[in-house]
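Colleague: Whatever this is, show me its structure:
(chains A and B)
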There are 2 protein chains.
Amino acid sequence: MTELKNDRFLRALLRQPVDRTPVWMMRQAGRYLPEYRATRKQAGSFLDLCKNDELACEVTLQPLRRYPMDAAILFSDILTVPDALGLGLYFEEGEGPKFRKTVRSEADIAGLNSIVAEDDLGYVMAAVRTIRRELNGEVPLIGFSGSPWTLATYMVEGGSSRDFARVKAMAYDQPELMNQLLSLLADAVADYLGAQIRAGAQAVQIFDTWGGSLSAAAYREFSLKYMQRVISRLPAEADGRRVPVIVFTKGGGQWLNAIADCGAQGVGIDWTTDIGAARQQVGDRVALQGNMDPSMLFASPARIREEVATILAGYGHGSGHVFNLGHGITPGVNPDHVTAFVEAVQELSPQYHLAD
Amino acid sequence: MTELKNDRFLRALLRQPVDRTPVWMMRQAGRYLPEYRATRKQAGSFLDLCKNDELACEVTLQPLRRYPMDAAILFSDILTVPDALGLGLYFEEGEGPKFRKTVRSEADIAGLNSIVAEDDLGYVMAAVRTIRRELNGEVPLIGFSGSPWTLATYMVEGGSSRDFARVKAMAYDQPELMNQLLSLLADAVADYLGAQIRAGAQAVQIFDTWGGSLSAAAYREFSLKYMQRVISRLPAEADGRRVPVIVFTKGGGQWLNAIADCGAQGVGIDWTTDIGAARQQVGDRVALQGNMDPSMLFASPARIREEVATILAGYGHGSGHVFNLGHGITPGVNPDHVTAFVEAVQELSPQYHLAD
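Modeller: Predicted coordinates for the structure are as follows:
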């Protein structure tokens, strides 16, 4: 494989010395970019775009042409696994993702397809390979999946949910059934991320978008435990290099102490968490990724720069910080404000790495 | 005034000995009750119901006829203040609240009505007086308002919001303008809650529904500070009895240490916070209110009872706990499950108050 020219992101996740804090943005390939909207139009539906490896590669690379990001992230959806399991993922304009079938009983679980990610999600692996080829070693490529709990919420509810009444009723009332579904999903996610790593992903992130909807105890039982299981099954290395795992539970700031022990090298934190307090809490156990409020990108470039400075100072000196937003970038953001964001991280962070 | 027969709720908020843990539910008067839906139909719109003191009293009392709750809460909306300020509150079926006008500039702020709650929100005071009369001292009546920040989010956005892009841009980019609006709202909310107390409210709760959307620093600056200002202006007593204040920031679990110093006697916590850890953190400073996941009411009565037991054990021995859900009750809940919830608190909590 081509040698990696910029490994700042991978080194920071392993808390190895870096010259400056690496930066990327969740959903950096997305609707705020006019070139993304053009490619999306050309592709047809959102899923058509995900399933076309050349176009998925194109949108993955678009933000890198504008901004000197330290990592690329595979363009895909968090719900590809349940789609392959047979639920029929679709999107209706202006609404969240939906499934044609739901999973609410043992029979529903038994009716799911047996899948092998390499084959049944071959379009994702094709995209990973194409992107790696086109990246040509410039920056590392991040693969990803939804967490088992997050996938389960959509599978049981049939789509997005306000209060997760059905999936929570299942978890609370039929924990065995819930655990059966989550075990199956943990296996599928481990297989899926493993296949992405074998195809060329140099780090992987588990998006636990809805873990934060649970109580503290239920989070450990139904979300964290299964992410831990996924991580324990991933290949630690690829091409002789460590493949770090990032876990991101939106709304998980109160549970950082437990999350830091799940086996991941990096933990994503949203903007409601004070990054200095978070670092104190996790200590040397993991690197932290985050955590500017995505809405800060609606403020002026000067204000954005000020906020970047505050977050850098909050984390303080030394490696172990990957700069990011605290959640995905919001569609209406002015792309020039992203320039201000990335430049601020580049220009203001070297002072925190002087003695490294 | 009639003597109060059950003061468990008020005593627990002041951490005085009680025989058992008091219980009530946020939105206990609401859509999950068939009798509420009938009265609502009779009233016309939701706002018509709020503005009719006899019917508002009727729905306030309905849950008390079914369940032995330890407090009643005024039936009203969190957005009555901005409505009185001239924004024109309305509701569209199946959607959140909306305003006909928004506030996005100094001119918009200057254009707001000057209000005196006693007069301009007289319908609320009429409802408080009617409810107090009809309650006849059975249990205390809780008054409430939205927090200044929460009111501001709706006023700037013009309704509910997913990401609060406009109001946050205002806070981040034009903090002086934001502070001007929040000062005005803090004055109005203090006047409003003061008027409710003079009309007969025996405790008040400030609902900070959207404080949790902010970063830790922005929360202190734009939400907590103004709740503190409201609280400092409230009458401490009415009819010779202390009037406790409860502050509830949904998603505020990471900031409990700061919230506990805001001057409130009680702090509401949502279900993502471990109540034992919360008690350790706040110590003797405040009472805690909460915090069962509202979705637990979709589980079986046996499972609900188990969860109540877990939360009671989590808080542990002694006064200072008001049992509640961690957020408002969800419309689709079976009213019989609420019976199981309230009975569990009544039956399982006395053991935690034996030595009081």
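Colleague: Assumed A:Val342 was part of a helix.
Modeller: Yes: using DSSP: H, G, I helix; E, B strand; the rest coil, the assignment for A:Val342 is a helix.
Colleague: Near chain B, which residues of chain A? Just list them.
Modeller: Contact residues (CB under 8 Å from any CB of the partner chain) of chain A with chain B: A:163-166, A:168-169, A:172-173, A:212, A:214-219, A:251, A:253-254, A:271-274, A:277, A:293-296, A:298-300, A:303, A:307, A:310, A:326, A:330, A:332. All C-beta atoms are positioned from the backbone trio N, CA, C, and that covers glycine.
Colleague: okay, and for the stretch 1-150 of chain A, where does confidence drop off?
Modeller: By pLDDT under 70, the weakly predicted segments of the stretch 1-150 of chain A are A:1.
Colleague: So what's the residue count around the closest residue to chain B within it?
Modeller: Of all residues in the stretch 1-150 of chain A, A:Gly96 sits closest to chain B, at 10.9 Å by CB to the nearest CB. A:Gly96 has 11 neighbours, counted by other CB atoms under 10 Å in any protein chain shown.
Colleague: show me what contacts it?
Modeller: For A:Gly96, the contacting residues are A:159-160, by CB atoms under 8 Å, 6 or more residues apart in numbering or on different chains.
Colleague: ok, now how distant is it from A:Thr249?
Modeller: Per CB to CB, to the nearest Å, A:Gly96 is found 19 Å from A:Thr249.
Colleague: pretty sure A:Arg100 is touching A:Leu87, no?
Modeller: Yes: using CB atoms under 8 Å, A:Arg100 is in contact with A:Leu87, at 6.6 Å.
Colleague: Please identify which of the two sits among more neighbours.
Modeller: The neighbour comparison of A:Arg100 against A:Leu87 (other CB under 10 Å) goes to A:Leu87, with 23 against 11.
Colleague: Please name the nearest non-neighbouring residue to the more buried one.
Modeller: Distances taken as CB to CB, 6 or more residues apart in numbering or on different chains place A:Phe99 nearest to A:Leu87, at 4.1 Å, with adjacent residues excluded.
Colleague: Name the single longest helix found in chain A.
Modeller: The longest helix of chain A (DSSP state H) is helix A:175-199.
Colleague: Just give me how far the helix or strand just after it sits from the chain centre.
Modeller: Going down the chain from helix A:175-199, the next helix or strand is strand A:203-208, by DSSP states H and E. Distance of strand A:203-208 from its chain centroid, counting by CA atoms, centre = their mean, to the nearest Å, is 4 Å.
Colleague: Now do the same contact list for the closest residue to A:Gly30 other than its chain neighbours.
Modeller: Among residues not flanking A:Gly30 along the chain, A:Tyr36 sits closest, at 5.8 Å (CB to CB, 6+ apart). A:Tyr36 makes contacts with A:29-30, A:59, A:62, as judged by CB under 8 Å, 6+ apart.
Colleague: Spell out for me the PyMOL command that would select the buried members of the residues you listed.
Modeller: Listed next is the PyMOL selection for buried residues among those, using 16 or more other CB atoms under 10 Å in any protein chain shown:
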select buried, chain A and resi 29+30+59+62
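Colleague: Would you mind giving the contacts of A:Tyr36 as a markdown table with secondary structure added?
Modeller: Putting these into a markdown table (three-state DSSP) gives the following:
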| residue | secondary structure |
| --- | --- |
| A:Ala29 | coil |
| A:Gly30 | coil |
| A:Val59 | helix |
| A:Gln62 | helix |
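Colleague: ok so, going back, quick one: mean pLDDT for the longest helix of chain A?
Modeller: On average, the pLDDT along helix A:175-199 is 98.
Colleague: ok, now stretch A:218-226?
Modeller: Stretch A:218-226 carries an average pLDDT of 98.
Colleague: The nearest residue to A:Thr102 once chain neighbours are set aside and chain B: what is the separation?
Modeller: With CB to CB, 6+ apart as the criterion, A:Thr102 has its nearest non-adjacent residue at 4.3 Å, and that residue is A:Gly158. The gap separating A:Gly158 from chain B is 15 Å, by CB to the nearest CB, to the nearest Å.
Colleague: Can you say which helix or strand has the nearest residue to A:Ala299 once chain neighbours are set aside in it?
Modeller: With CB to CB, 6+ apart as the criterion, A:Ala299 has its nearest non-adjacent residue at 3.9 Å, and that residue is B:Tyr172. B:Tyr172 is located in helix B:165-173, with elements delineated by DSSP H and E.
Colleague: and that helix, what other elements does it pack with?
Modeller: Helix B:165-173 sits against helix A:301-315, helix B:148-157, helix B:175-199, helix B:216-219, with contacts defined as 3 or more CB pairs under 8 Å, 6 or more residues apart in numbering or on different chains; DSSP states H and E.
Colleague: burial measure for A:Asn291, as a count.
Modeller: Number of residues near A:Asn291 (other CB under 10 Å) recorded here: 26.
Colleague: do the same with A:Ala195
Modeller: A:Ala195, neighbours per other CB under 10 Å, totals 21.
Colleague: can you check A:Glu93 too?
Modeller: Neighbourhood size, A:Glu93 [other CB under 10 Å]: 6.
Colleague: Quickly note the distance from A:Pro17 to A:His317.
Modeller: Going from A:Pro17 to A:His317 by CB to CB gives 11 Å.
Colleague: Give the intersection of the neighbour lists for those two.
Modeller: With contacts taken as CB under 8 Å, 6+ apart, A:Pro17 and A:His317 have A:His353 as neighbours in common.
Colleague: Name the residues that touch stretch A:327-344?
Modeller: Here stretch A:327-344 makes contact (CB under 8 Å, 6+ apart) with A:23, A:25-28, A:30-34, A:63, A:66-69, A:250, A:270-271, A:292, A:294-295, A:297-299, A:301, A:304-305, A:308-309, B:163, B:165.
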